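Colleague: only the shape, not the letters, is given here:
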């Protein structure tokens, strides 16, 4: 089990609530930010922690990247 910091936990919970649980349900950082009610910097810190722990995947798109949960915790 992965231990998450407070920002990563809020980002993870927001992604679950948004349905970003597979590559088909990718969400942008802005969508996650709105749901989690955190600032952009806090969202980025949370996403970086989740990416480092391989809990979240990132897909580069033409305008902005999309994120999805690839490992349930």
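Modeller: Looks like it arrived, so ask away. This is a predicted model, so every value here is computed, not measured.

Colleague: for the helix or strand hosting residue 49, the distance to its chain's centre please.
Modeller: For residue 49, the element it lies in under DSSP states H and E is helix 40-52. In terms of Cα atoms, centre = their mean, to the nearest Å, the centre of helix 40-52 is found 7 Å from the chain centre.

Colleague: what helices or strands is it leaning on?
Modeller: Using 3 or more Cβ pairs under 8 Å, 6 or more residues apart in numbering; DSSP states H and E as the contact definition, the elements that helix 40-52 packs against are helix 6-18, helix 29-36, strand 56-59. From N, CA and C alone the C-beta is placed, and that goes for glycine too.

Colleague: what's the residue lying farthest from the centre of the chain sitting at in phi/psi?
Modeller: Among the C-alpha atoms of the chain, the one most distant from their mean position (Cα atoms, centre = their mean) is that of residue 62, at 18.5 Å. Per-residue torsions, residue 62: phi -60, psi -40 (degrees, to the nearest 10).

Colleague: returning to what we had before: could I get the helices and strands packed on helix 40-52 as a markdown table with distance to residue 72, mean neighbour count and mean pLDDT?
Modeller: What follows is the helices and strands packed on helix 40-52, written out as a markdown table (distance: least, Cβ to Cβ, whole Å; neighbours: other Cβ atoms under 10 Å; pLDDT from 0 to 100):
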| stretch | distance to residue 72 | mean neighbour count | mean pLDDT |
| --- | --- | --- | --- |
| helix 6-18 | 9 | 19 | 97 |
| helix 29-36 | 17 | 18 | 97 |
| strand 56-59 | 11 | 16 | 97 |
